[in-house]
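Trainee: coords below, sequence missing:
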């Protein structure tokens, strides 16, 4: 990690961000390390590649800002961070601090990636292909994020200079064409398994992201309702490759990953979240960001953000705020669906009294519930006092279940050894089930989701009854399967950064339905304005606004 950070500091000299660009470019000393020097050999190029990852996983992007903004704005989480109050009420403004810093962090990442591409493309270095493959892959990942979050954005494919500080937004079809083109290049250039650094993406990661791109476009185009002014990207507008049907293209990419990628589910769901290094880069990992516990830089703030103060899953007397928590209905829905208890004709579980305790039968209930959530109560390591949470508490700052996936007894208050998993094999299987249902209906789609459910039932001591397999008697229709697979993604992938995107990629109608469910929960628990909010006018929240700093600094953008 020390070498990576040193490399990043060297590399950042070359790729100053285009915010306040004129001043920054003027301030670069003439004798600073040049691009020709850095990219003159394999070692320097590898340092530049490390710099791309450092920026991608830094605090202003995946390390914190993306989570701080998108999780509460997804409509699925609650945040107690005052700086994010507007997003927390599902009404984000273009003055939001996290929005501004995220935008800046994203374009700094793009600038560094473009610098690698520019300087490596015409070299004869032995690591040219692996370096370019990673650069194209990461650029696609970043622009895919931008396209989903903002729609139309400035499209930069070269390092920023004084001459192009001002740049207009590009169309969504141009952005998606670049994303698809870059991922196609990455499938050819990225290494096979075992040919490069462990933990870095291999070529099948590009296939996996291509599938997600196609599913995103297919689902939004098939949506029953979209917000006013929505512009679809159709197959005919993708010129980067010949496409006739997004669902079919997704199927092909997913089958490539499933049949040839060499990935497999871990034995138990808990293996993914085992405390310590055992949960890093498992057989299921397709793309995860690599973090370490050295140094004083807060790159990955996941512990601070999601683990409540004094919980025994982290080291005693370390700073942790647990400021982002799943909304009450998130925990509620998983309990009703897969606890094994009878909740017939009940929309919400009882909460708010000391007797409102969820007691899971370890032979029956879905093991993912206990692996994912902190609920009922816990004993603080700081003072050995009992802290009640949801459902024992119904109102107030502590009246939420918390995420339990991120455990680290080596956490020192600043750094965590937890990696962030951006893509894993269970996601592939759930997408494959979704695609199969859209193409052929549920009969041939059950097998893919049941593969995930079987692993979910598996524990170190045996198997549970829930989650039971799907079949024609339980999930009978295409429409029923479509909704259930989205909820299954929620149960399996909760807290892994998918909620904002999944809430929106099936269109405004489903987004509104999910928000209505949240609003009903707030009404049921009588917790409105007591940290919980009724969300209104959600059509405007399908995308994010361009930050005010970009609007004022780029005279070719007028929101």
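Mentor: Thanks, I have the structure now. It should be emphasised that the depicted structure is a prediction, and the values quoted were computed from it without experimental measurement.
Trainee: Show me the strands in the stretch 1-150 of the chain, by range?
Mentor: Assigned by DSSP state E, counting those that start in this stretch, the strands in the stretch 1-150 of the chain fall at 77-79.
Trainee: Over to the chain?
Mentor: Using DSSP state E, the strands of the chain run over 77-79, 153-154, 169-170, 285-289, 324-326, 373-374, 377-379, 386-388, 402-403, 420-424, 458-459, 462-463.
Trainee: To residue 518, which of those lies closest?
Mentor: For residue 518, the closest of the strands of the chain is strand 77-79, at 10.0 Å, according to Cβ to Cβ. C-betas here are computed from N, CA, C, even on glycine.
Trainee: Give me the phi and psi for the residue sitting nearest the centre point of the chain.
Mentor: Centrality entry for the chain: nearest residue to the mean C-alpha point is residue 497, 2.8 Å, by Cα atoms, centre = their mean. Note on residue 497: backbone dihedrals following degrees, to the nearest 10 are phi 90, psi 20.
Trainee: Offset the numbering so it begins at 373, please.
Mentor: Shifting the count to begin at 373 puts that one at residue 869.
Trainee: That one and residue 792 touch, don't they?
Mentor: Yes: between residue 869 and residue 792 there is a contact under Cβ atoms under 8 Å: 7.5 Å.
Trainee: Which neighbours do the two have in common?
Mentor: Shared contacts of residue 869 and residue 792 (Cβ atoms under 8 Å, 6 or more residues apart in numbering): none.
Trainee: quick revisit: got the contact list for the residue nearest to the centre of the chain?
Mentor: Neighbouring residues of residue 869 by Cβ under 8 Å, 6+ apart: 438-439, 442-443, 792, 794.
Trainee: Over to residue 868?
Mentor: 777, 793, 796.
Trainee: Residue 704 now?
Mentor: So residue 704 contacts 720-721, 893 (Cβ under 8 Å, 6+ apart).
Trainee: Can you tell me how far residue 907 is from residue 721?
Mentor: Between residue 907 and residue 721 the computed distance is 21 Å (Cβ to Cβ, to the nearest Å).
Trainee: Measure how buried residue 517 is and give me the count.
Mentor: 20 (other Cβ atoms under 10 Å).
Trainee: That one contacts residue 477, doesn't it?
Mentor: No: in this structure residue 517 lies outside contact range of residue 477 using Cβ under 8 Å: 10.9 Å.
Trainee: Which of the strands of the chain sits closest to residue 487?
Mentor: Among the strands of the chain, strand 525-526 comes nearest to residue 487, with 16.7 Å by Cβ to Cβ.
Trainee: Strand partners (parallel or antiparallel) of that closest one?
Mentor: Neighbouring strands of strand 525-526 in its sheet, by DSSP bridges, are strand 541-542 (antiparallel).
Trainee: Tell me, what's the model's pLDDT at residue 387?
Mentor: Residue-level confidence at residue 387 comes out at 43, pLDDT.
Trainee: ok, now residue 430?
Mentor: Residue 430 carries a pLDDT value of 95.
Trainee: For it, which non-adjacent residue is spatially closest?
Mentor: residue 671 (5.7 Å; Cβ to Cβ, 6 or more residues apart in numbering).
Trainee: where does that neighbour sit relative to residue 612, distance-wise?
Mentor: Per Cβ to Cβ, residue 671 is found 33 Å from residue 612.
Trainee: With residue 885 instead?
Mentor: Distance of residue 885 to residue 612, computed by Cβ to Cβ: 34 Å.
Trainee: what sits against residue 615?
Mentor: Taking Cβ under 8 Å, 6+ apart, we find residue 615 in contact with 586, 607, 621.
Trainee: First-to-last residue distance for stretch 778-790?
Mentor: Distance between the boundary residues of stretch 778-790 (Cα to Cα, to the nearest Å) amounts to 7 Å.
Trainee: average pLDDT for that stretch?
Mentor: The average pLDDT for stretch 778-790 rounds to 92.
Trainee: Over to stretch 477-488?
Mentor: Averaging pLDDT along stretch 477-488 gives 97.
Trainee: buried residues in that stretch?
Mentor: 477-488 (16 or more other Cβ atoms under 10 Å).
Trainee: Going by distance to residue 838, which of the contacts of residue 615 wins?
Mentor: Taking Cβ to Cβ as the measure, residue 838 lies nearest residue 586 of the contacts of residue 615, at 31.9 Å.
Trainee: Residue 458 contacts residue 465, correct?
Mentor: Yes: here residue 458 reaches residue 465: they are 5.0 Å apart, a contact under Cβ under 8 Å.
Trainee: Looking at the two, which one has more neighbours?
Mentor: Shown here are residue 458 and residue 465; by other Cβ under 10 Å, residue 458 has more neighbours (17 against 12).
Trainee: any chance of the contacts of residue 868 in TSV, plus neighbour count?
Mentor: Formatted as TSV, the contacts of residue 868 follow (neighbours: other Cβ atoms under 10 Å):
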residue	neighbour count
777	22
793	23
796	23
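Trainee: and of those residues, the nearest to residue 494?
Mentor: Using Cβ to Cβ, the contacts of residue 868 come closest to residue 494 at residue 793, 34.9 Å.
Trainee: gap between that closest one and residue 644?
Mentor: Going from residue 793 to residue 644 by Cβ to Cβ gives 8 Å.
Trainee: What of residue 840?
Mentor: Residue 840 sits 21 Å away from residue 644, going by Cβ to Cβ.
Trainee: between those two, who's got more neighbours?
Mentor: More crowded of residue 840 and residue 644, by other Cβ under 10 Å: residue 644, with 21 against 14.
Trainee: What is the burial count for the residue nearest to residue 736 when sequence neighbours are not counted?
Mentor: Distances taken as Cβ to Cβ, 6+ apart place residue 712 nearest to residue 736, at 3.5 Å, with adjacent residues excluded. Using other Cβ under 10 Å, residue 712 has 18 neighbouring residues.
Trainee: From residue 705, how far out is residue 712?
Mentor: 15 Å.
Trainee: wait, isn't residue 450 in contact with residue 902?
Mentor: No: checked against Cβ under 8 Å, the pair residue 450 and residue 902 is beyond contact range at 11.0 Å.
Trainee: the more surrounded of the two?
Mentor: Neighbours of residue 450 and residue 902, each counted by other Cβ under 10 Å, are more numerous for residue 450; the result is 22 against 14.
Trainee: pLDDT score for that one?
Mentor: Here the pLDDT value assigned to residue 450 is 96.
Trainee: quick one: contacts for it?
Mentor: With the criterion set at Cβ under 8 Å, 6+ apart, residue 450 makes contact with 444, 460, 696-699, 772, 903-904.
Trainee: on that earlier part again, for residue 671 and residue 612, indicate the residue with more neighbours.
Mentor: residue 671 (23 against 15).
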